[in-house]
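Colleague: Any chance you can model this:
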Amino acid sequence: MSNEVLFRKMTHDDIPAVAGIELESFATPWTEEIFDHELTGNAYAHYIVAELDGEVIGHCGMWIVLDECHITNVAVLSAYRGKGYGEDLMRQAMELCRLNEVKTMTLEVRVSNEPARTLYRKLGFQEGSIRKNYYTDDHEDGLVMWVEF
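Modeller: Down below sits the predicted model:
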């Protein structure tokens with residue numbers, strides 16, 4: 001075992017693992033069908049997976065439109081959280097944005113998700129507006145965060 005994480009473009013074969021991470025991570029997870037559509041029918045979609053010893057342990061999805069990027073989802077399997085893999089995934093996404101001449105990256109995060117907010121601030125994100133009742137499962141507010149390159 002190498003214990004070295006490989007970051008790569010998501011493939012169709014990764015969809016079951018990514019959907020499993022979603023199911024473990026979110027109250028309203030994206031389904032395999034949604035990811036299939038993202039990979040086959042959305043020209044703006046870009047997805048990165050983190051693979052450790054042959055297992056997909058995390059993913060980051062984004063839509064890049066012109067010079068803006070919106071993070072759609074980012075998650076790491078719970079057994080691997082707190083080890084820096086989420087930060088590494090975000091750094092990979094940010095590098096992909098730089099290569100695509102993106103000027104601004106945005107995302108929404110639950111106002112209660114302080115670990116994620118702390119990570120995003122560490123990566124240079126600023127806190128912006130609040131989207132009231134943004135999350136459909138419990139109507140929690142979403143905090144818009146953004147970073148410029």
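
Colleague: Distance-wise, check Lys9 relative to Val56.
Modeller: Relative to Val56, Lys9 is positioned 12 Å away (C-beta to C-beta, to the nearest Å). For every residue, glycine as well, the C-beta is placed using N, CA and C.

Colleague: Touching both of those two, which residues are there?
Modeller: Shared contacts of Lys9 and Val56, defined by C-beta atoms under 8 Å, 6 or more residues apart in numbering, comprise Val49.

Colleague: Looking at the two, which is more packed in?
Modeller: Each of Lys9 and Val56 has its neighbours counted (other C-beta atoms under 10 Å); Val56 has more, 22 against 11.

Colleague: Could I get the contacting residues of the more buried one?
Modeller: Asp14, Ala17, Val18, Ile21, Val49, Ala50.

Colleague: low-scoring stretches of the protein, by residue?
Modeller: Along the chain, segments meeting pLDDT under 70 span 1-2.

Colleague: where do the helices sit along it?
Modeller: 15-25, 32-41, 85-99, 114-122 (DSSP state H).

Colleague: Start and end of stretch 44-58, how far apart?
Modeller: One end of stretch 44-58 sits 20 Å from the other (C-alpha to C-alpha, to the nearest Å).

Colleague: And that stretch, how far out from the chain middle?
Modeller: Centroid separation for stretch 44-58 versus its chain: 10 Å, with C-alpha atoms, centre = their mean, to the nearest Å.

Colleague: and what of stretch 3-20?
Modeller: On C-alpha atoms, centre = their mean, the centre of stretch 3-20 falls 12 Å from the chain's centre.

Colleague: now swap in stretch 34-51 and tell me
Modeller: Mean C-alpha position of stretch 34-51 versus that of the full chain (C-alpha atoms, centre = their mean) differs by 11 Å.

Colleague: Just the residues contacting it, thanks.
Modeller: With contact meaning C-beta under 8 Å, 6+ apart, stretch 34-51 is reached by 5-12, 14-15, 17-19, 56-65, 72, 76, 85, 88-89, 92-93, 96.

Colleague: Check which residues of it are buried.
Modeller: By neighbour count on 16 or more other C-beta atoms under 10 Å, the buried set for stretch 34-51 is Ile34, Phe35, Glu38, Leu39, Ala45, His46, Tyr47, Ile48, Val49, Ala50, Glu51.
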